[in-house]
Each structure stands twice: as structure tokens, then as C-alpha cells.
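Visitor: curious how this folds, go ahead:
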Amino acid sequence: MTIETALLIDHRDAIAALTALLEAEWPDWYNARGASARADLSERMRRDGLPLGIIAIRDGDVVGTCALTASSGGLVTERSPWLGGLVVDPRARRQGVASALLARAKVEARRLGYERLHSLTAEAVPLFEQQRWTTVEVVQLSGKKHWIFATSIPARVEI
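Guide: Take a look at the predicted model:
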């Protein structure tokens with residue numbers, strides 16, 4: 001049960017499964033009156049620059065995704081880049097998929113020339129703490145507490 005990570009652009013066939021996963025995970029965001037999961041994924045189809053889509057594959061199935069983005073959650077800040085859109089198929093949770101995606105995101109951020117990576121979350125606080133990201137700030141967004149985490153990326157980072 002090996003988890004592989006890859007750039008989304010190299011797995012265009014994953015768009016349908018990822019669209020369904022994003023819509024199921026965030027129905028308040030991805031719906032007929034809101035944002036389009038397919039459009040967001042299409043924007044992440046690149047090899048260089050932001051936004052950059054990353055996926056996790058286990059036994060030939062796409063089981064998760066995340067993206068490197070210039071901003072997050074509508075925050076206006078000088079911080080960049082951000083790790084966002086981190087989602088793992090419910091059947092694959094607590095099996096190392098999110099950790100693999102975070103590791104690949106750091107590799108890709110460093111490859112693009114970044115030395116620091118940020119993330120905004122309301123739900124995945126234990127994951128970022130376990131991965132030794134540092135809490136930078138706690139903010140209220142839409143009446144809910146969110147944590148801004150950051151991590152430094154060493155000059156040589158490996159998956």
C-alpha cells in the first residue's frame with residue numbers, strides 16, 4: 001500500500017475523481033451557486049508557478065490533493081505561498097496520505113524557489129502540529145477560528 005505523489009498536470013485523468021472529492025468535502029463552497037471544483041483544478045494544471053496542483057495516488061487510485069497557491073481563504077497578506085485545498089478521500093484518512101501531500105508540497109515549493117510555506121486551517125490543526133509546523137496566528141473567518149501555520153523549507157528537502 002504505497003502512497004505516491006505527483007503533479008496534477010501529469011494525471012489529467014484524475015480531474016473527475018478529484019472534482020467529486022472536493023464537492024463532497026466542501027459542499028458549501030463547491031456548488032451550483034459557488035465556486036467550480038473543476039475550474040479550480042484546471043487552474044492548478046501547471047508544472048511551474050502558482051497555483052500548482054499535487055495529488056496522492058494509492059494502488060492506482062487518486063486518494064487526495066492539495067495545491068500551492070498565492071493566497072488562502074481570501075486573506076490579504078504578504079505571506080506566500082500557501083498550501084491549500086488539502087483533502088483526502090475519507091476511506092484513505094489516517095493512513096499517511098496527508099503527510100505525503102505535505103512533504104511533496106514542501107519539495108515543490110522549494111523547487112519553485114520558496115523558503116517558507118503557509119497554511120490556513122480550521123480542521124487540520126493536529127496534522128500541522130504533528131508535522132511540526134509553527135502556529136503564526138489565529139484568526140476568525142466567517143465566525144470560525146482558523147489557524148495560520150508556517151514551516152521553513154530547508155535548502156535540500158526530500159520526500
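Visitor: who touches the most centrally placed residue in the chain in this structure?
Guide: For the chain, residue 66 is the residue whose C-alpha lies nearest the centre (CA atoms, centre = their mean; 2.5 Å). When contacts are counted by CB atoms under 8 Å, 6 or more residues apart in numbering, residue 66 touches 53, 54, 83, 84, 85, 86, 87, 101, 102, 105. Quick note: C-beta positions are derived from backbone N, CA and C, even for glycine.
Visitor: could you verify my assumption that the second one touches residue 108?
Guide: Read that as residue 54. Yes - contact criterion CB atoms under 8 Å: residue 54 and residue 108 qualify, at 6.4 Å.
Visitor: related to what we said a few turns ago, what about the residue nearest to the centre of the chain, helix or strand, and which?
Guide: strand 61-69 (DSSP states H and E).
Visitor: what touches both of residue 54 and residue 108?
Guide: 7, 68.
Visitor: quickly list what residue 148 is bridged to.
Guide: residue 120, residue 137 (DSSP bridges).
Visitor: now do the same for it: its pLDDT.
Guide: As predicted, residue 148 sits at a pLDDT of 96.
Visitor: ok, it touching residue 120?
Guide: Yes - in this structure, residue 148 is within contact of residue 120 by CB under 8 Å, at 5.5 Å.
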